[in-house]
Structures are given as C-alpha cells and as structure tokens.
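> With the sequence up front, the predicted model follows.
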There are 2 protein chains.
Amino acid sequence: MAGSSEPTRVMVAVNESSIKGYPHPSISCRAAFDWMLSKLVRSNAAGFHLLFLHVQVPDEDGFDDMDSIYASPADFQRMKQRDKIRGLHLLEHFVNQCHQLEIKCEAWIKQGDPKEVICSEVKRVQPDLLVVGSRGLGPFQRVFVGTVSEFCVKHADCPVITIKRKADEAPQDPVDD
Amino acid sequence: MAGSSEPTRVMVAVNESSIKGYPHPSISCRAAFDWMLSKLVRSNAAGFHLLFLHVQVPDEDGFDDMDSIYASPADFQRMKQRDKIRGLHLLEHFVNQCHQLEIKCEAWIKQGDPKEVICSEVKRVQPDLLVVGSRGLGPFQRVFVGTVSEFCVKHADCPVITIKRKADEAPQDPVDD
C-alpha cells in the first residue's frame, strides 16, 4: 500500500464561532476536525499532513467596530492587524492540537468570500482531500444563508467530505454555529 | 487518538463496467477504491473495515437475455442465479484485493435502484463513511442520466466522499463507465 509514499494532504476549512466569537472555532468546523482525526487519521499521524485555511470575511459595514474611534489611517491599519491576530488565535487552536498529536500541519489566513476562496486555494495548493463542516441546514434556511459546503462539493477541484455537526450540538438558532 | 478504538467502517458502492460487463468493475468505482486505499487507508490496514455493496438493477426488459430460451419457471430461476453469480464475481475482485492487503472487509449484493438502495443500506449498516465513484458528468448529461453520487451526497445518513475518475480514463462516451 501507499504507506511509504507522501502523506495525504488534507485541507480543513475552519471558521470562528458565530456565538462565542474569536478565538473559538465554530461547532461545525470543530466537529469536522474531530471526525477527521478519529475516523481518518486515527493512529497514523505520519500518514497525514493537515492544511488549515481560515477565510476572513471583510467587515464591510464595520458593525463590530461601533465603539472604536478612527482618527487616522493608522487606526484602520490597527483594526486590520487586530482582525488578523484574532484569526491567528483561531488557527492556533488547531495547530496546537496537531502539535500534541504529532501531526504535521500548516495554517494560513485569506480574506474574501469563504466559498470562493476555499475553491481557489484548493486549485493553488492541490490537496488530496478537502474537509468542510456543515450546519446541516434545511432547504428553507439554505436559500437565505447559502452554504459553503454545498458550493465546495460542486466546485472544488479535489474530493470533498462534508461533516454535519451532531443534532444535539446545534444551537437554538440553527444558522448560528 | 482513536487508534485503539473500533476500526473506521467505510462503505464502498461498486458496480460493473458498462463497457466490459461483469465481472469487471466500472472505471469510477475502481478509481474510488484505489483512491481510498492510497489516501485514507494507507499503511493502516487494521484501522479500517471495508463494506462493499453492489446493487444490481433488475433487468426489466430482459434485453441481455435475447438469446436465452425460457421454457419453464426453473429457467427464470436459473437466470436470477446467473445474475447473482456475476455480481459475486464483481465483489470477489475487491474482496481479493482486501485479503492481499490484510484489510478486513464484507461484501453483499442487493437489488433495486442503486441510489435508493445505497441510502437505505447506509441507514441499516451505519458506516462511518460512504465512498462512491463518479463519472464527473457535465450538467447536460446529468439531467438525462442522473447521478447516484449526487443523490447520495444529499440523502445518505453519513459523511459521503465522491471520487471522480481521472479525465484520461474517461471513455469516448462519458456516460459509459
């Protein structure tokens, strides 16, 4: 078998919790990561190389920054820096876990529309497999919210595995994550 | 990690080649099987338990049996037996490979509409993962042919991974497999 060949490169898309905010990962990306560790990687840490991608959505309306005062271009620069740091803390969560389990990994941040950026990063990085979490929304919610996982299954240039979070982990509003 | 726990149970849907017929596996299910071995199972044979399901479509118009003579109920019985034996030879191909690689497996045949039967067998058997091959048909072909993989991604009660066959393995008529 391919035990002696290059490790399997698995890209994992991760995002922040919409409830707890940074640096907490969303329920569904945590579920996808845990599933992958226990069902695919298992005890074979040396056989896998994980690639964590976090896509930050540019905060166009600045709603999160209501209480901030912007007095100079440097303030905006600082805001961008702060966002980036928050993203890094999210990635740190996953990288630390991999380090403990002795699984090789890389992690990086991109900005843009998550579904588009994930697919373009798949093109660029060419992983063997893309793992994405899914909230498991019903058809009604999907129309309004859109789902990243569905888009990736259709458009990503590599095999994609979608992991739904468990029903008992779904928050009161299933659109939350 | 989960190295000491139960092996990961992977259901693999397999079908016969539409070009070479039984006992040859289709290009796409062979690609899915090979991908799974080299990218997921790797050297960790003990960590996986493979479940091969072959769904036979009942031959309603009897077109394949043009040259046969049916003189008694026993003849029909024999025809059914023959179909079953063909299916077993297909499964043998995969079971033999697993045996050589020392991967535990099971294999069985069901009759019916492949997409419906695969999803109902997932409900019954509850694998950790379903692997299906895909011809990677374009939207125009999909409308007329329907695709089992797309249906399973939407309806199967477990994570699903769809493996497209390689472009250079596609036969002249992409609907063939």
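Thanks, I have it.

> How about the secondary structure of the residue lying farthest from the centre of chain A?
Taking CA atoms, centre = their mean, the residue of chain A most remote from its mean C-alpha position is A:A71, at 33.1 Å. Three-state assignment for A:A71 (DSSP: H, G, I helix; E, B strand; the rest coil): coil.

> quick one, what contacts it?
Residues near A:A71 by CB atoms under 8 Å, 6 or more residues apart in numbering or on different chains: none. Backbone N, C-alpha and C define where each C-beta goes, glycine included.

> Which pLDDT does the model give it?
In this model, A:A71 is scored at 73, pLDDT.

> is it true that A:A107 touches A:H93?
No. Distance between A:A107 and A:H93: 9.8 Å, which falls outside the contact criterion (CB atoms under 8 Å).

> rewinding a little: quickly note the distance from the residue farthest from the centre of chain A to A:R42.
54 Å (CB to CB, to the nearest Å).

> quick one, phi psi at A:Q56?
phi -90, psi 130 (degrees, to the nearest 10).

> partners of it in the sheet?
A:Q111 (DSSP bridges).

> Ok, A:G133 next?
Assigned bridge partners for A:G133, using DSSP bridges, are A:I163.

> What about A:I85, how many residues nearby?
Neighbourhood size, A:I85 [other CB atoms under 10 Å in any protein chain shown]: 11.

> pretty sure it is in a helix, no?
Yes. Assessed by three-state DSSP, A:I85 belongs to a helix.

> I'd like the next helix or strand past the helix or strand of chain A with the lowest mean pLDDT.
Every helix and strand of chain A was ranked by mean pLDDT, DSSP states H and E. The lowest is helix A:139-145, at a mean of 64. Next helix or strand after helix A:139-145 toward the C-terminus (DSSP states H and E): helix A:148-155.

> tell me the angle that next one makes with helix B:148-155.
Comparing the axes of helix A:148-155 and helix B:148-155 via axes from the mean of the first three to the mean of the last three CA atoms, to 10 degrees yields an angle of 180 degrees.

> Now do helix A:148-155, average pLDDT.
pLDDT averaged over helix A:148-155 gives 89.

> Next: stretch A:114-124.
Mean predicted confidence for stretch A:114-124 is 96.
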